[in-house]
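S.K.: Predicted structure and sequence below. I'll ask about it afterward.
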Amino acid sequence: MGSKTTERPEQQTSGTTAGKLPLNPEEQELARKRAEQSAIETELAERELRSANLRAELGAFEQQYLHFVGARYAELDELRAGIAERVAKEHPENSRAQQAAQEAREHARETKSAAGEVMETSPRAFEASTEMKRLYRDVAKRIHPDLTADRQDRAKRQILMAEANKAYAQGDEARLAKILTEYEWSPEQVRGEGAGAELVRVIRGISQARGRLAEIEAELQELLRSDLYQLKTRVDEAQQGGRDVLKEMIDKVDDQIAQAKRRLDAVLVQSR
């Protein structure tokens with residue numbers, strides 16, 4: 001007689017977890033959709049992080065530019081407006097001089113407005129830590145408003161996501177962690193429904209996440225096409241080659257300011 005082979009328990013329950021009933025078709029589909037949702041939400045969190053990072057970097061670069069270069073242009077245009085107004089005052093009958101003075105003054109106002117208030121302290125470049133990026137990914141995956149179909153929950157998420165973006169730009173890790181914790185432990189997150197309803201929610205969540213992916217890609221492309229990004233790229237590439245483009249721009253404007261001051265002094269002397 002041949003020996004009888006005894007099946008191991010794991011062979012007897014092939015396709016199921018030992019000691020548990022096999023999943024019905026609806027539960028199997030739910031498991032697949034949950035895996036799909038998890039993957040797309042992870043991708044969305046990465047895109048959200050890239051977008052937040054780029055916005056923060058461009059914002060920090062813009063502040064640096066305005067602080068070091070924009071403020072100097074404002075000073076230069078103010079001097080030029082002063083020269084034009086002095087010339088116009090000395091030649092009241094000259095309509096071209098009057099118009100030039102008005103245009104110079106208006107341009108000086110615009111430049112000053114664009115430069116904003118000059119900060120007393122030098123702005124720093126934006127650089128997120130590894131922990132900051134991890135926290136932001138977690139927040140985006142869990143809280144982003146486009147990942148829910150519930151209107152009340154969506155409104156709450158919009159507020160929290162705006163706070164998260166602000167905290168990320170400011171480098172506030174503690175605030176990011178608090179935003180995530182407060183949302184995760186809120187009472188409305190406790191739900192208990194069947195597999196069918198959950199499957200519908202997951203499918204809708206996947207659709208919403210895909211829609212947000214398309215939106216954020218368009219936002220990223222708009223940022224990458226912006227003049228500010230092109231300038232930052234030029235500055236970064238030059239720095240890698242050993243050039244400091246911002247310093248070159250500063251030196252150039254400083255030279256123009258010095259020339260404008262000498263010109264204004266000469267005009268004042270002539271008018272005495």
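M.R.: On my side now, so go ahead.

S.K.: switch to C-alpha atoms for all contacts and neighbour counts from now on
M.R.: Fine.

S.K.: OK, contacts around the residue nearest the centre of the chain?
M.R.: Centroid-nearest residue in the chain: Arg55, 2.6 Å away (criterion: Cα atoms, centre = their mean). The contact partners of Arg55, by Cα atoms under 8 Å, 6 or more residues apart in numbering, come to Leu223.

S.K.: which stretches of the stretch 151-272 of the chain have low pLDDT?
M.R.: Residues of the stretch 151-272 of the chain that meet the criterion pLDDT under 70 lie in 186-193, 272.

S.K.: If we use 50, what do you get?
M.R.: Nowhere does the stretch 151-272 of the chain drop to pLDDT under 50.

S.K.: and the residue nearest to the centre of the chain, which of the three is it?
M.R.: helix (DSSP: H, G, I helix; E, B strand; the rest coil).

S.K.: Give me the distance between it and Ser38.
M.R.: 26 Å (Cα to Cα, to the nearest Å).

S.K.: can you check Arg201 too?
M.R.: Counting by Cα to Cα, the gap from Arg201 to Ser38 is 13 Å.

S.K.: same deal with Leu223?
M.R.: Leu223 is 27 Å from Ser38, by Cα to Cα.

S.K.: How about Gln98?
M.R.: To Ser38, Gln98 is 67 Å away according to Cα to Cα.

S.K.: neighbour count winner among those two?
M.R.: Gln98 (19 against 15; other Cα atoms under 10 Å).

S.K.: correct me, but that one touches Ala88?
M.R.: Yes. Between Gln98 and Ala88 there is a contact under Cα atoms under 8 Å: 5.2 Å.

S.K.: between the two, what contacts are shared?
M.R.: In contact with both Gln98 and Ala88: no residue, using Cα under 8 Å, 6+ apart.

S.K.: give the contact list for the closest residue to Lys156 other than its chain neighbours.
M.R.: Of all residues not flanking Lys156 in the chain, Pro145 sits nearest, at 8.0 Å (Cα to Cα, 6 or more residues apart in numbering). By Cα under 8 Å, 6+ apart, the contact set of Pro145 is Asp153, Arg154, Ala155, Lys156, Arg157, Gln158, Met161.

S.K.: Repeat that for Ala167.
M.R.: Taking Cα under 8 Å, 6+ apart, one finds Glu173, Arg175, Leu176 in contact with Ala167.

S.K.: Export those as TSV, with columns for secondary structure, neighbour count and distance to Leu23.
M.R.: Written out in TSV, the entries for those read as follows (DSSP: H, G, I helix; E, B strand; the rest coil; neighbours: other Cα atoms under 10 Å; distance: Cα to Cα, whole Å):
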residue	secondary structure	neighbour count	distance to Leu23
Glu173	helix	19	41
Arg175	helix	17	41
Leu176	helix	23	38
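
S.K.: Out of those, the closest to Ala140 would be?
M.R.: The nearest member of these to Ala140, counting by Cα to Cα, is Leu176 at 10.6 Å.

S.K.: in which helix or strand would I find Gln221?
M.R.: Following DSSP states H and E, one finds Gln221 within helix 195-225.

S.K.: From the contact counts, what lies against whatever helix or strand comes next after that helix?
M.R.: Later in the chain than helix 195-225, the nearest helix or strand by DSSP H and E is helix 227-240. Contacts defined by 3 or more Cα pairs under 8 Å, 6 or more residues apart in numbering; DSSP states H and E place helix 227-240 against helix 25-65, helix 245-270.
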